[in-house]
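Chemist: next comes the sequence, and after it the predicted model I'd like to discuss.
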Amino acid sequence: MSEFVSGDEVVLKSGGPGMIIEGFRRLPRSKIVAASCVWFEKSTAKRGVFPLATLKKYDGPVVA
C-alpha cells in the first residue's frame, strides 16, 4: 500500500508535531488513502486523518 505501517512516526511535509500512525482508510468518495494519526499537545492527545502524500517519516528527536 505505502512505505508507511501502523506505529510509524511521521510528520507533515509542511511541518508540525511528530505523530504516530494508528491505521489507514480511504477518504470518502475518493481513491485517496489516508493515515489516522495521533499526537500530543502538552498532555492532550489530538487525532487527525492525513493523505499519505502529505506525510514523511519523522526523523526528529525522541521526546520521552
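Modeler: Ah, there it is.

Chemist: make it CA atoms for all contacts and neighbour counts henceforth
Modeler: Will do.

Chemist: go ahead and flag the most central residue of this structure.
Modeler: In the chain, the centroid-proximal residue (C-alpha atoms, centre = their mean) is residue 37; its distance is 4.2 Å.

Chemist: what does stretch 31-45 contact?
Modeler: 17-27, 46-52 (C-alpha atoms under 8 Å, 6 or more residues apart in numbering).

Chemist: and that stretch, what's its mean pLDDT?
Modeler: The average pLDDT for stretch 31-45 rounds to 95.

Chemist: now do it: distance from first to last residue.
Modeler: By C-alpha to C-alpha, to the nearest Å, the extent of stretch 31-45 from end to end equals 28 Å.

Chemist: where in the chain is pLDDT low?
Modeler: Segments of the chain classed as low confidence (criterion: pLDDT under 70) are 1-2, 62-64.

Chemist: quick one: the strands in the chain?
Modeler: With DSSP state E as the criterion, the chain has strands at 9-12, 19-26, 33-41, 44-51, 55-57.

Chemist: the last one: how far from the chain's middle?
Modeler: On the basis of C-alpha atoms, centre = their mean, to the nearest Å, the separation between the geometric centre of strand 55-57 and that of its chain is 7 Å.

Chemist: try the first one
Modeler: When distances are taken as C-alpha atoms, centre = their mean, strand 9-12 is centred 5 Å away from the chain's centroid.
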